[in-house]
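Undergrad: Just a sequence and a predicted model for now, questions to come.
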Amino acid sequence: MITGMTTTKIAVSLPSQLVAHAKAVVQAGNAPSVSAYVADALEKKKEWEDLRSLLDEMLAETGGPLTDDEFKAADREIGR
């Protein structure tokens with residue numbers, strides 16, 4: 001999580017199993033609080049969205065989305 005940032009308190013509804021998991025992570029000492037755990041997850045989601053936007057821009061500049069054959073070739077290259 002980014003330290004020193006302004007925070008805003010909100011109320012959200014989450015599936016019970018996700019709340020239980022977040023509490024277990026905190027209980028195990030792997031996150032300082034449920035709020036910190038959720039904030040970290042949201043930050044990671046934002047990073048993925050930013051990367052996806054960058055990839056979309058790069059693909060638009062280089063000929064568009066990958067074809068199925070290109071995806072398969074990429075998967076082979078990384079061993080999937």
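TA: Looks like it arrived, so ask away. Numbering: from 1, shown residues only.
Undergrad: In this structure, what helix or strand scores lowest on average pLDDT?
TA: helix 68-77 (a mean of 92; mean pLDDT, DSSP states H and E).
Undergrad: contacting residues around it?
TA: With contact meaning CB atoms under 8 Å, 6 or more residues apart in numbering, helix 68-77 is reached by residue 66. Every residue, glycine included, has its C-beta placed from N, CA and C.
Undergrad: pull the CA atoms of that helix into CSV?
TA: Only the C-alpha atoms of helix 68-77 are listed here, as CSV (Å, rounded to 0.1, in the frame of the first residue of the first chain):
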residue,chain,number,x,y,z
ASP,A,68,-5.3,-17.1,-31.9
ASP,A,69,-2.2,-18.4,-33.6
GLU,A,70,-0.1,-15.6,-32.1
PHE,A,71,-1.5,-16.3,-28.6
LYS,A,72,-0.6,-20.0,-29.1
ALA,A,73,2.9,-19.2,-30.2
ALA,A,74,3.4,-16.9,-27.2
ASP,A,75,2.1,-19.6,-24.9
ARG,A,76,4.6,-22.0,-26.4
GLU,A,77,7.4,-19.5,-25.9
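Undergrad: What residues sit buried inside it?
TA: By 16 or more other CB atoms under 10 Å, helix 68-77 has no buried positions at all.
Undergrad: what's the distance between it and the middle of its chain?
TA: Relative to its chain's centre, helix 68-77 lies at 23 Å (CA atoms, centre = their mean, to the nearest Å).
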